[in-house]
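In: Based on what follows, work out the 3D shape:
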Amino acid sequence: MEFPDLGKHCSEKTCKQLDFLPLKCDACTQDFCKDHFTYAAHKCPLAFKKDVHVPVCPLCDTPIPVKKGEVADVVVSEHMDGDCKSHPGKKTDKIFTFRCSKEGCRRKEMLRLTCEQCRSSFCIRHRHPQDHSCQRGSRPIGPAG
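Out: Numbering: from 1, shown residues only. The predicted model follows:
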């Protein structure tokens, strides 16, 4: 017992372990060991002040404000029924919108791939001038021309 004042005892009633690196609860300001420092482990009576979770709508990924005393599931459900911007039955924007200009090709791309010579939009297979029988007469290939 060279250092009798070193460390603190865990504030949990069933533990009282002497801990040399105690953790202080930021809600109730009591000292706890590593096993009891979480709000749930020591049943913190003031956890509601610090442990705040904001529910997020699963459809539109928007945080939904919940007032004190309201049930989060009910509030999110009301949002989904009324205010939600993303309804499951609503049409969504198409991702693949740029259709290939090559005859016979029906592929679509997410990004516009434009030929520098003929200025037409093509798929990844036909993006090079030699792949889509480009009419080269309008513009030179490089800066040197």
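
In: contacts, neighbours, all on C-alpha from now
Out: OK.

In: care to break this structure down by domain?
Out: 7-51, 52-87, 95-136 (the TED database).

In: could those be laid out in CSV, adding mean pLDDT?
Out: Formatted as CSV, the domains of the chain follow (pLDDT from 0 to 100):
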stretch, mean pLDDT
domain 7-51, 89
domain 52-87, 84
domain 95-136, 86
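
In: Reformat those as CSV; add mean neighbour count.
Out: Converted to CSV, the domains of the chain look like this (neighbours: other C-alpha atoms under 10 Å):
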stretch, mean neighbour count
domain 7-51, 15
domain 52-87, 13
domain 95-136, 15
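
In: contacting residues for the closest residue to residue 21 other than its chain neighbours?
Out: Closest residue to residue 21 apart from its sequence neighbours, by C-alpha to C-alpha, 6 or more residues apart in numbering: residue 7 at 6.6 Å. Neighbouring residues of residue 7 by C-alpha atoms under 8 Å, 6 or more residues apart in numbering: 18-22.

In: separation between residue 7 and residue 127?
Out: Distance, residue 7 to residue 127, using C-alpha to C-alpha, to the nearest Å: 71 Å.

In: residue boundaries of the helices in the protein?
Out: With DSSP state H applied, the chain shows helices at 47-50, 72-81, listed in chain order.
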